[in-house]
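Participant: Take this sequence and fold it.
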Amino acid sequence: MDIDGVWIRARGITARGPEGNAFENVHLHVEPGSLGVITGAAGTGRTSLLLALAGRMRVITGDLVVSGHVLPGESRAVRRLVRPARLRPGCELERSHRVSEAVTERRMISGVRAEHIADALALVGLAPYRRALVRELHPADRLLFEIALAAATAPAGLVVDDADAGLPPASRHRVWSALRGVAATGTTVLASATDPPSKEYEVCHLPARPHHRRHGSRV
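Facilitator: Reported below is the predicted structural model:
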């Protein structure tokens with residue numbers, strides 16, 4: 001595949017959630033076809049930042065541009081370019097479905113062909129038993145399955161939440177290798193993690209925010 005990945009420029013962006021600012025004064029620069037990693041402890045706004053970069057959460061201050069589309073005004077165009085593989089909560093595979101049912105559902109929703117899903121599964125190094133329930137898959141395999149289903153549509157951008165959550169080192173290595181493989185196709189990949197995997201990725205670290213603070217901190 002030869003995909004034109006999205007580029008992202010963020011300067012001083014802030015988004016607000018039900019309990020105050022979800023993240024504050026974030027600066028980010030992501031090149032097309034790269035793997036960007038958003039790190040930080042729980043509660044620092046990793047998921048919210050992914051949502052904002054994917055056009056799914058409104059920024060209230062700062063400048064955010066995704067491949068020439070200015071947010072929040074052009075969020076619909078950005079949502080067409082940047083697809084979620086997993087965003088928590090709300091965007092995960094139905095665990096009671098079988099692998100074959102999840103594949104069929106994705107083909108019906110996106111119109112992707114069976115051979116493209118097969119290619120994407122091979123790309124991430126996964127060959128799941130088609131009769132297995134999604135909840136029966138190993139957590140790393142379940143995440144790789146979600147990544148493959150999203151990558152099969154050849155999106156310009158892909159977001160993956162909690163890429164390292166609950167995984168031992170060997171499984172983390174599999175996931176990061178798979179994400180690097182997806183980025184190698186040209187898709188720009190944005191993933192959140194508790195710890196940065198290595199120095200070879202573009203990393204945006206979100207600092208801890210005291211509950212009483214409401215004003216910006218620079219990243």
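Participant: Low-confidence stretches in this protein?
Facilitator: The model of the chain has pLDDT under 70 over residues 1, 199-200, 209-219.
Participant: centroid residue for it?
Facilitator: residue 159 (1.6 Å; CA atoms, centre = their mean).
Participant: any idea which element that one lies in?
Facilitator: For residue 159, the enclosing helix or strand under DSSP states H and E is strand 157-160.
Participant: What strands line up against that strand, and which way round?
Facilitator: Paired with strand 157-160 in the same sheet, following DSSP bridges, are strand 82-86 (parallel), strand 188-193 (parallel).
Participant: Point out the one among those strands that comes closest to residue 121.
Facilitator: strand 82-86 (13.2 Å; CB to CB). Every C-beta, even on glycine, is put in place using the N, C-alpha and C of the backbone.
Participant: Tell me which residues are up against that closest one.
Facilitator: For strand 82-86, the external contacting residues (CB atoms under 8 Å, 6 or more residues apart in numbering) are 6, 53-56, 66, 91-92, 143, 146-147, 149-151, 153, 155-162, 188, 190.
Participant: Within the helices and strands, which one has residue 41?
Facilitator: Applying DSSP H and E, one finds residue 41 in no helix or strand.
Participant: How about the contacts made by the closest residue in space to it that isn't next to it in sequence?
Facilitator: What sits nearest to residue 41 in space, not counting adjacent residues and going by CB to CB, 6 or more residues apart in numbering, is residue 208, at 5.9 Å. Contacts for residue 208 (CB under 8 Å, 6+ apart) come out as 40, 41, 43, 44.
Participant: if I've got this straight, residue 208 is in a helix?
Facilitator: No: remark: residue 208 does not belong to a helix; assigned using DSSP: H, G, I helix; E, B strand; the rest coil, it is coil.
Participant: roughly how far apart are it and residue 24?
Facilitator: Distance from residue 208 to residue 24, counting by CB to CB, to the nearest Å: 12 Å.
Participant: next one: residue 51
Facilitator: Separation of residue 51 from residue 24 (CB to CB) stands at 15 Å.
Participant: just the strands in the protein please.
Facilitator: Assigned by DSSP state E, the chain shows strands spanning 8-17, 20-30, 35-39, 59-66, 69-71, 82-86, 157-160, 188-193, 202-205.
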